[in-house]
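A.B. asks: dropping the sequence and predicted coords here.
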Amino acid sequence: MSEQVKKKKKIKYFFDYTMLFIVIFLLLFGLVMLYSTSSYEANIKFEDSAFYFRKQAIASAIGIVVMLAIMLFDYHIVQRFAAIAYVVSLVLILLVLTPLGYEAGGARRWLNLGMSLQPAEVAKLALIIFFASVVCRFGEHIKEKRGLLIVLALAIPHSFCVLTITQNLSSAIIIFSIVLMMLFVATPQYKEYFIIAGIAVVFAVAMVLLVKYDILPTGLSYRFARIKAWMDPESYAANKGFQTLQALYAIGSGDIFGKGLGESIQKLGYLPEAQNDMIFSIICEELGLFGAIAIILLFVLLIWRFMVIANNAQDMFGALLVVGVMAHISIQVILNIAVVTNTIPNTGITLPFISYGGSSIVFLLAEMGLVLSVSRSIRLEG
């Protein structure tokens, strides 16, 4: 009898094939939609309809190699480089101010290092590793207010530099939200987080009211013009509200099953940056509500797999790595869809795995490699 019990408790290794399938499917779907969305603009600008598609395909191939390579290593190795990752990512953001930095699409957010690199994407991965390590090192002290404040303070330099130097509000929000989510999971006291959330909501409502009733000084009022365009896009159709209106036209014209793949009208020069921030609106136009819901469900399924892996992780460091990546992807998906549907003001944020962006896709896949590495370490009783 005891022999049978021992056999039943035989340990086996777990690998999340479901997550890998979802990621590969999103990548392939993204390439199809990218080609459909960008071929017209690419042909006009570069006389090559596959220009954006080719660059994204190369970045995706590199990202897959990186993901598989990281997946095969023990994820504990990255903990040794947590402090280095923190410093290097901050230095890369500061380098945007040097001649290495360059402007694209009206924003100076990129570095030319022989290849195009967006430091904010490096920072997201670096901070996930760094704060997973820091929280583990703090141990029980992270539950104290002093420990909590110290960890939150460590997130401020990156968030502040991304916001002021690259003027990328969405990435600054994501970076700080990743840290908050990781701390929320690591500590049992929730009162502090409700206070932070309450302050953020009050601040957001106050800003909307100040802009709505023109209480802000002229200089600041101009800077918050996107809020005005969000509240009344038709009144700002000639400038700040133009992109939002075109995205809403695309969504509305898609109906339930869409016009068909490749049949979008808005991508023909009407919708600016259709292959970047607004690709979800083209998905709605070509594949309809059905296609949009299908993609959202895939992201929901991906988040569920994150939760399964985090709950079964071998240790706190592995669990926090997974939670950090889950926070990054889920927040970015929510913000992108909210912007496209005009639920929140336009902040310029891409849809993970689908929008155009070489450095974004490579670092996203590197994050997925870490998650898959954690999943490989899970041991289940059979």
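C.D. replies: Now that the structure is in, tell me what you want to look at. From a predicted model like this one, the values you see are computed outputs, not experimental measurements. Numbers count the residues shown, from 1 in each chain.
A.B. asks: could you look up the SS state of the nearest residue to Val162 once chain neighbours are set aside?
C.D. replies: Spatially, and ignoring its direct neighbours in sequence, Val162 is nearest to Ala172 (4.6 Å; C-beta to C-beta, 6 or more residues apart in numbering). (C-beta placed from N, C-alpha, C; glycine too.) Under DSSP: H, G, I helix; E, B strand; the rest coil, Ala172 falls in the helix class.
A.B. asks: pretty sure Ala172 contacts Ile165?
C.D. replies: No - at 10.2 Å, Ala172 does not count as touching Ile165 under the criterion of C-beta atoms under 8 Å.
A.B. asks: which of the two has more neighbours?
C.D. replies: Ala172 (21 against 18; other C-beta atoms under 10 Å).
A.B. asks: and that one, how far is that from Gly254?
C.D. replies: 32 Å (C-beta to C-beta, to the nearest Å).
A.B. asks: same question, Phe299
C.D. replies: Distance from Phe299 to Gly254, by C-beta to C-beta: 19 Å.
A.B. asks: shaky segments in this protein?
C.D. replies: Within the chain, the segments meeting pLDDT under 70 span 1-14, 105-106, 213, 216-223, 380-382.
A.B. asks: how does it look with 50?
C.D. replies: 1-6, 8, 10 (pLDDT under 50).
A.B. asks: can you show me the strands along this structure?
C.D. replies: Counting by DSSP state E, the chain has strands at residues 11-13, 101-104, 107-112, 116-117, 379-381.
A.B. asks: what helices and strands are in contact with the fourth one?
C.D. replies: Spelled out, that is strand 116-117. Applying 3 or more C-beta pairs under 8 Å, 6 or more residues apart in numbering; DSSP states H and E, one finds that strand 116-117 contacts strand 107-112, helix 358-376.
A.B. asks: any chance you could list what contacts that strand?
C.D. replies: Residues outside strand 116-117 that contact it (C-beta atoms under 8 Å, 6 or more residues apart in numbering) are Leu92, Trp110, Leu111, Gly358, Ser359.
A.B. asks: now the two most distant members of these.
C.D. replies: Leu92 and Gly358 (15.5 Å; C-beta to C-beta).
A.B. asks: looking at these two, which one has more neighbours?
C.D. replies: When Leu92 and Gly358 are compared for neighbours, Leu92 comes out ahead with 22 against 19, by other C-beta under 10 Å.
A.B. asks: ok, and the closest non-adjacent residue to Gln266?
C.D. replies: In space, Gln266 is closest to Ala250, 4.0 Å off (C-beta to C-beta, 6+ apart).
A.B. asks: need the contact list for the closest residue to Met278 other than its chain neighbours.
C.D. replies: Distances taken as C-beta to C-beta, 6+ apart place Ala247 nearest to Met278, at 5.0 Å, with adjacent residues excluded. Applying C-beta under 8 Å, 6+ apart, one finds that Ala247 lies in contact with Gln266, Leu271, Met278, Ser281, Val340, Thr341, Asn342.
A.B. asks: most neighbours, which of these?
C.D. replies: For those, neighbours tallied by other C-beta under 10 Å; top is Ser281, 31 neighbours.
A.B. asks: contacting residues for it?
C.D. replies: Going by C-beta under 8 Å, 6+ apart, Ser281 touches Gln246, Ala247, Leu248, Ala250, Ile251, Gln266, Leu271, Ala274, Val340.
A.B. asks: re earlier: what's the closest of the helices and strands packed on strand 116-117 to Val88?
C.D. replies: strand 107-112 (12.3 Å).
A.B. asks: what pairs with that closest one, parallel or antiparallel?
C.D. replies: strand 101-104 (antiparallel), strand 116-117 (antiparallel) (DSSP bridges).
A.B. asks: pull out the buried residues from that strand.
C.D. replies: For strand 107-112, a neighbour-count test (16 or more other C-beta atoms under 10 Å) marks Arg108, Arg109, Trp110, Leu111 as buried.
A.B. asks: from Ala50, how far off is Asn43?
C.D. replies: 9 Å.
A.B. asks: these two: which is more packed in?
C.D. replies: Ala50 (16 against 13).
A.B. asks: my guess is the more buried one contacts Tyr35, does it?
C.D. replies: Yes - applying C-beta under 8 Å, one finds Ala50 in contact with Tyr35, separated by 6.8 Å.
A.B. asks: quick check: nearest residue in space to the residue most central in space within the chain, chain neighbours excluded?
C.D. replies: Centroid-nearest residue in the chain, with C-alpha atoms, centre = their mean: Gln332, separated by 3.8 Å. Spatially, and ignoring its direct neighbours in sequence, Gln332 is nearest to Pro352 (5.4 Å; C-beta to C-beta, 6+ apart).
A.B. asks: against Thr37, how distant is that neighbour?
C.D. replies: 16 Å.
A.B. asks: those helices in the stretch 151-300 of the chain, which residues are they?
C.D. replies: 169-186, 191-212, 218-223, 225-231, 242-254, 279-312 (DSSP state H, counting those that start in this stretch).
A.B. asks: of all those helices, which one comes closest to Val371?
C.D. replies: helix 279-312 (6.2 Å).
A.B. asks: list the buried residues in that closest one.
C.D. replies: Within helix 279-312, judged by 16+ other C-beta under 10 Å, the buried ones are 279-288, 291-292, 295, 298-299, 302, 305-306, 308-310, 312.
A.B. asks: which one of Pro352 and Thr37 has more residues nearby?
C.D. replies: Using other C-beta under 10 Å, the more surrounded residue of Pro352 and Thr37 is Thr37, with 30 against 24.
A.B. asks: distance of that one from Leu183?
C.D. replies: Distance from Thr37 to Leu183, by C-beta to C-beta: 37 Å.
A.B. asks: end-to-end on stretch 43-56?
C.D. replies: 16 Å (C-alpha to C-alpha, to the nearest Å).
A.B. asks: list the contacts of the closest residue to Ala69 other than its chain neighbours.
C.D. replies: Closest residue in space to Ala69, ignoring its immediate chain neighbours: Gly369 at 6.9 Å, by C-beta to C-beta, 6+ apart. Residues in contact with Gly369 (C-beta under 8 Å, 6+ apart) are Val66, Met67, Leu68, Ala69, Ile70, Met71.
A.B. asks: fine by me, thanks again.
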